[in-house]
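S.K.: Need a 3D model of the following:
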Amino acid sequence: MKYLHRNLNYVSKVIECILFFQNEKVKLYLTALVCRKLLSKLIALENSIPNLKQISTSVFIKPIINKEPCLNKQDHYYVFNNLKVIISALYIQLDDCNTKNKKISITVFHPYKATLGLFTVIHTIVILVIGEIAYKKNIKHIMFKPIPKKTNGLLQLIEIDEFIKYLYASMAYKREKLQTFLGQNH
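M.R.: Numbering: from 1, shown residues only. Sure, this is the predicted structure:
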């Protein structure tokens, strides 16, 4: 890993390497979290990575499409440096919604004992769930808290992208209603 980070730093210090184990396969993401300047370098890196049987590689983190296993609590653990996290155990709460820049602040509730690196892993899981483009576009800040005994009023993390779509559709509807109201009064 040390050599991989060193070699990535020759390309750019912004590129991050995310490595985890899931479904008996190692997954490697090389990402710059949607830094457009590095797009061509990331594509070149992806084209130069050899095909390996045990490692799946990608340069862009795409959102999870098949959500059913997570919604039914039948998903598998993601293992990062001996930290095991499962998406279906994570819940979110909206803390703030900025209507001007369309970014939200959320709290992620987790059932895990606080250990070194846990919040970085959960932060990475949030990016893996919604994809790096949606993350960069919609998330302003993430806080982490232990999960309460009752999860009433909390959303499962896997539902965050649908929640964001609903939130912005609601804001657009309110804005349209306000413009219609102001237009009638002139």
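S.K.: Quick check: Ser56 is in a helix.
M.R.: No: under DSSP: H, G, I helix; E, B strand; the rest coil, Ser56 sits outside any helix and is assigned strand.
S.K.: Can you spell out which helices and strands pack onto the longest helix seen in the chain?
M.R.: Among the segments of the chain that qualify as a helix by DSSP state H, the longest is helix 160-184. Packing contacts for helix 160-184, counted by 3 or more Cβ pairs under 8 Å, 6 or more residues apart in numbering; DSSP states H and E, involve strand 91-98, strand 103-110, helix 118-130, helix 132-138. Just so you know, the C-beta spots here come from the backbone N, C-alpha and C atoms, and that holds for glycine as well.
S.K.: Indicate which one of the ones you listed is closest to Gln156.
M.R.: strand 91-98 (6.0 Å; Cβ to Cβ).
S.K.: Need the nearest residue in space to the residue nearest the centre of the chain, chain neighbours excluded.
M.R.: In the chain, the C-alpha nearest the mean C-alpha coordinate belongs to Ile127, at 1.5 Å (Cα atoms, centre = their mean). Nearest residue to Ile127, sequence neighbours excluded (Cβ to Cβ, 6 or more residues apart in numbering): Tyr135, at 4.8 Å.
S.K.: residue contacts, that neighbour?
M.R.: Leu33, Ile61, Val126, Ile127 (Cβ atoms under 8 Å, 6 or more residues apart in numbering).
S.K.: ChimeraX command for the buried members of the residues you listed?
M.R.: The buried residues among the contacts of Tyr135 can be selected in ChimeraX (16 or more other Cβ atoms under 10 Å) with this line:
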select :61,126,127
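S.K.: Max pairwise distance over the contacts of Tyr135: which two?
M.R.: Farthest pair in the contacts of Tyr135 (Cβ to Cβ) is Leu33 and Val126. Separation: 12.1 Å.
S.K.: All set now, cheers.
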